[in-house]
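J.: Generate coordinates for the sequence data below:
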Amino acid sequence: MEQLSPIALGFLGSLIAGSMTAVGALPVLLGRQPSRAMRDLSLGFAAGVMLAASFFSLIIPALDVATESHGDGPVPAAIVCISILLGMGAVALLNETLPHEHFKTGPDGPASPSLRRIWLFVIAITIHNFPEGLAVGVGFGGKGFEAGMPLAIGIGLQNLPEGLAVAVALLGEGYSRGRSFAIAALTGLAEPLGGLLGAAIITVSEPFLPWGLAFAAGAMLYVISHEIIPETHRSGHQKRATLGLSVGLVLMLFLDVWLG
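T.: Residues are numbered from 1 along each chain as shown. Below is the predicted model:
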């Protein structure tokens, strides 16, 4: 696998990570639905993985690469800070301009009565998943197999509870088990698209590497703050959610040090 091009690695790595969304949704087909507390615990775990990946696999490497190119001083820090804000702003812009709907809080973005509600859900999850694929693609495209693999594993792990949460929410909206599973699985396909784009941009223009790494981190940080953590605290299971976040964070840190 290491002999593949960075672009191919970015696509395959993000495809595998995105496919874990379908694996996470499998219990819906088996007729098993976890409790709300367990779902909040697992989503907290997902937030912890993404938080650790943002810093240890993206922001710190971005600072290192920027320092190699520009030397010590304020320039590397400025590049990374600006890129983080750009990444957060890009996802915020998508959140404001694309019509979508959250499972608990209802419609968001511009009104679009012509879209069926199910597609509003799909758009919301796509906004969520695309930055994750982008991060994996940037990791493989910039630093190759060793840098991309921890990200792919970590994002894949956090996709398990996300896939389950999406499928269970759709099931609660009245969709069949099969359809709920299929839609949850399909939302993971946004990740290889993001992975392909991220790897291609970084491979074509290496000076974009620190910008791309930090941009992907900012995009994920926005999703953590705007989507995942508020969702895990909505039903009064903050302690379980925090426990899950702690476990996810240290597990991703361990994987990053071990595999990276």
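J.: mind checking how far residue 197 is from residue 50?
T.: Distance, residue 197 to residue 50, by C-beta to C-beta, to the nearest Å: 19 Å. Where C-beta positions appear, they are placed from N, C-alpha and C, glycine not excepted.
J.: who's more crowded, those two?
T.: Neighbour count, other C-beta atoms under 10 Å: between residue 197 and residue 50, residue 50 has more, with 26 against 21.
J.: In this structure the more buried one contacts residue 225, no?
T.: No - taking contacts as C-beta atoms under 8 Å, residue 50 lies outside contact range of residue 225: 10.4 Å.
J.: To which secondary structure element type does residue 231 belong?
T.: helix (DSSP: H, G, I helix; E, B strand; the rest coil).
J.: Check the burial of residue 205 by counting its neighbours.
T.: 11.
J.: likewise residue 54?
T.: What residue 54 shows, counting by other C-beta under 10 Å, is a neighbour count of 26.
J.: Could you do residue 81 as well?
T.: 15.
J.: again, but for residue 254
T.: Using other C-beta under 10 Å, residue 254 has 12 neighbouring residues.
J.: Please save the CA atoms from the strand or helix carrying residue 39 in CSV.
T.: Here residue 39 is covered by helix 36-52, with elements defined by DSSP states H and E. Taking Å, rounded to 0.1, in the frame of the first residue of the first chain, the C-alpha atoms of helix 36-52 are listed here in CSV:
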residue,chain,number,x,y,z
ARG,A,36,-29.5,7.7,24.5
ALA,A,37,-26.9,7.7,27.3
MET,A,38,-24.8,5.2,25.4
ARG,A,39,-25.1,7.2,22.1
ASP,A,40,-23.9,10.3,23.9
LEU,A,41,-21.0,8.4,25.3
SER,A,42,-20.0,7.2,21.9
LEU,A,43,-20.4,10.6,20.3
GLY,A,44,-18.3,12.1,23.1
PHE,A,45,-15.7,9.5,22.1
ALA,A,46,-15.9,10.7,18.5
ALA,A,47,-15.4,14.3,19.6
GLY,A,48,-12.3,13.3,21.6
VAL,A,49,-10.8,11.4,18.6
MET,A,50,-11.4,14.4,16.3
LEU,A,51,-10.0,16.9,18.9
ALA,A,52,-6.8,14.9,19.3
